[in-house]
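>>> Next input, structure requested:
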Amino acid sequence: MTTSPDPTRRVDVVVIGAGQAGLSAAYHLKRLGASFVVLDANPAPGGAWQHRWRSLTMSDVHGIAMLPGLDVPERVNDEPARTFVPAYYAAYEARFDLPVVRPVRVLRVEDAEASAGSRSSAGAPASTSETAGRDLLVRTDVGTWRAPAVINATGTWERPFWPSYPGGSSFRGRQLHTVDYEGPEAMAGLDVVVVGGGASAVQILGEVAPVTASTTWVTRREPVWRVGEFNPDAGRDAAALVEDRVRRGLPPQSVVSVTGLMLRPQEQRAAAMGAYDRHPMFTRIEPDGVRMADWSFRHADVIVWATGFRAALGHLAPLHLREDTGGVRLVAREDAHTPTTAARDHRVQLVGYGPSASTIGANRAGRVAARSAMRVVASRAAAA
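Below you'll find the model as predicted:
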């Protein structure tokens, strides 16, 4: 639904983001009887899926994880993922009558007392003991919500990572990130350089190599190819490695970075053409191409930066959640095994971050975050 809120509205929990993690958290909050709202920056349901490239089909993504309480409809393999998944999310919001407000841009989340001018507003973060029993203010472009707890589910799509290389501004061709990629047609007959060692780079190369004049794949490190079946045990092991990083306050890495890459059947043609012959990262960008590490020159009409994303957490900056190591350290509270609670402020839960960035992990984290948030609400009520 789309509404115009009062200047300040009070709820138990504010959920920021309506992708897989945010909807999962909302489902469990509703089951727990919470008063809550889901703020979504997008104009329609679907989270980041509605922005995926047009040629990405359901056969490319191998399906999606079921949201709690509603089966995924039977898929049509050639249906675009950016229409199939948003339709499922829209049906989910309607089925459980989730209080989603959109489009809403969250500007910042701040401590209510710090906002009023207390000593915590201008220096080091307040301790968790100081913030216990205090509300958070979620300031947006359409008003302010006040709540004892916040579940952040903003993901990464709105923060694409663009590396900076010498000569980048001199390039006369086109540079685009994964977020801008729409399909291979615009690259027909062109020389294309694809940068990045993840799944998106592999998928884009698989699409463009058969239609381009040439493709060059460059990565900073040797890509890690998956050997053997990716079974549930391998998935749990991979998630554990990512989880260990967020428990230590390190910036999270993608699950793919520890699971490895595998070519799908639709990418075998590109492989036979040599598209996956990896080259070390170029040293600089020149007007008509890139200068490789061995000083050879590769002509390029297009550079595709499939270089991943960073967590979209800028609106949480007033809470000083980041550790000196660069990431937000998460802890698991009480009987939970999945870490979702920000170590520096237990009023904040992060889902879709680190190990819960996968669709399956997001479901589990949504349940844990909802329960942890409601414990904060109960403590706030007891202190009142």
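
>>> show me the contacts for the residue lying closest to residue 310 once chain neighbours are set aside.
Ranked by CB to CB, 6 or more residues apart in numbering and with sequence neighbours excluded, the top spatial neighbour of residue 310 is residue 159, at 4.7 Å. C-beta coordinates here come from the backbone N, C-alpha and C atoms, glycine included. Counting by CB atoms under 8 Å, 6 or more residues apart in numbering, residue 159 makes contact with 309-312, 314.

>>> Tell me the bridge partners for residue 278.
Judged by DSSP bridges, the bridge partners of residue 278 are residue 217.

>>> can you pull the pLDDT of it?
At residue 278, the predicted lDDT confidence score is 95.

>>> How about the one 3 residues further on?
Among the per-residue scores, residue 281 shows a pLDDT of 96.

>>> Likewise for residue 289?
So residue 289 comes in at 98 (pLDDT).

>>> again with the one 3 residues further on
The predicted local distance difference test score for residue 292 is 97.

>>> With residue 59 instead?
On the pLDDT scale, residue 59 gets 80.

>>> Show me where the chain has its helices.
20-31, 58-61, 81-95, 112-115, 128-131, 199-208, 232-247, 256-259, 268-272, 359-383 (DSSP state H).

>>> Using CSV, please lay out those helices together with distance to residue 322 and mean neighbour count.
Output for those, formatted as CSV (distance: least, CB to CB, whole Å; neighbours: other CB atoms under 10 Å):
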stretch, distance to residue 322, mean neighbour count
helix 20-31, 20, 27
helix 58-61, 31, 18
helix 81-95, 30, 19
helix 112-115, 17, 18
helix 128-131, 15, 15
helix 199-208, 26, 24
helix 232-247, 12, 16
helix 256-259, 21, 18
helix 268-272, 39, 14
helix 359-383, 19, 21
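
>>> For those helices, give me TSV that also has distance to residue 152.
Below are the helices of the chain laid out as TSV (distance: least, CB to CB, whole Å):
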stretch	distance to residue 152
helix 20-31	9
helix 58-61	24
helix 81-95	18
helix 112-115	17
helix 128-131	16
helix 199-208	24
helix 232-247	13
helix 256-259	22
helix 268-272	38
helix 359-383	9
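
>>> closest to residue 285 out of those helices?
helix 199-208 (17.5 Å; CB to CB).

>>> what's the spacing between that closest one and its chain's center?
19 Å (CA atoms, centre = their mean, to the nearest Å).

>>> cool, and stretch 90-110?
Using CA atoms, centre = their mean, the offset of stretch 90-110 from its chain centre is 17 Å.

>>> distance between the ends of it?
Distance between the two ends of stretch 90-110: 30 Å, counting by CA to CA, to the nearest Å.

>>> Check the model's average confidence along that stretch for me.
So the average pLDDT for stretch 90-110 ends up being 97.

>>> How about stretch 262-272?
The model assigns stretch 262-272 a mean pLDDT of 85.

>>> and it, C-alpha only, in PDB?
Extracted C-alpha coordinates of stretch 262-272, given in PDB (Å, rounded to 0.1, in the frame of the first residue of the first chain):
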ATOM      1  CA  MET A 262      30.400 -23.300 -11.900                       C
ATOM      2  CA  LEU A 263      29.500 -23.000 -15.500                       C
ATOM      3  CA  ARG A 264      25.900 -23.800 -16.400                       C
ATOM      4  CA  PRO A 265      24.800 -25.500 -19.600                       C
ATOM      5  CA  GLN A 266      23.900 -22.200 -21.200                       C
ATOM      6  CA  GLU A 267      27.400 -20.900 -20.700                       C
ATOM      7  CA  GLN A 268      29.200 -23.800 -22.400                       C
ATOM      8  CA  ARG A 269      29.200 -22.100 -25.800                       C
ATOM      9  CA  ALA A 270      31.000 -19.100 -24.300                       C
ATOM     10  CA  ALA A 271      33.500 -21.400 -22.700                       C
ATOM     11  CA  ALA A 272      34.200 -23.100 -26.000                       C
END
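
>>> Pull the residues that contact that stretch.
59-60, 202-203, 205-207, 209-210, 215, 225-226, 230, 276.

>>> what's near enough to touch residue 61?
So residue 61 contacts residue 81 (CB under 8 Å, 6+ apart).

>>> Which residue ranges of the stretch 1-150 of the chain form strands?
Along the stretch 1-150 of the chain, counting by DSSP state E, counting those that start in this stretch, strands occupy 8-10, 13-16, 36-39, 100-101, 106-111, 136-140, 143-147, 149-152.

>>> in the fifth one, what counts as buried?
By neighbour count on 16 or more other CB atoms under 10 Å, the buried set for strand 106-111 is 106, 109-111.

>>> Name the nearest of those relative to residue 349.
Out of those, the member with the shortest distance to residue 349 (by CB to CB) is residue 109, at 12.0 Å.

>>> how far away is that closest one from residue 343?
16 Å (CB to CB, to the nearest Å).

>>> Surely residue 167 and residue 285 touch.
Yes. In this structure, residue 167 is within contact of residue 285 by CB atoms under 8 Å, at 4.1 Å.

>>> Comparing those two, which shows the higher neighbour count?
residue 285 (21 against 14; other CB atoms under 10 Å).

>>> what is that one paired to in the beta sheet?
For residue 285, the beta-bridge partners are residue 290 (DSSP bridges).

>>> show me what contacts it?
165-168, 170-171, 291, 303.

>>> How about residue 284?
By CB under 8 Å, 6+ apart, the neighbours of residue 284 are 165-167, 290-291.

>>> what do you get if the cut-off is 10 Å, keeping everything else the same?
Each residue near residue 284 by CB atoms under 10 Å, 6 or more residues apart in numbering is listed here: 165-168, 170, 290-292.
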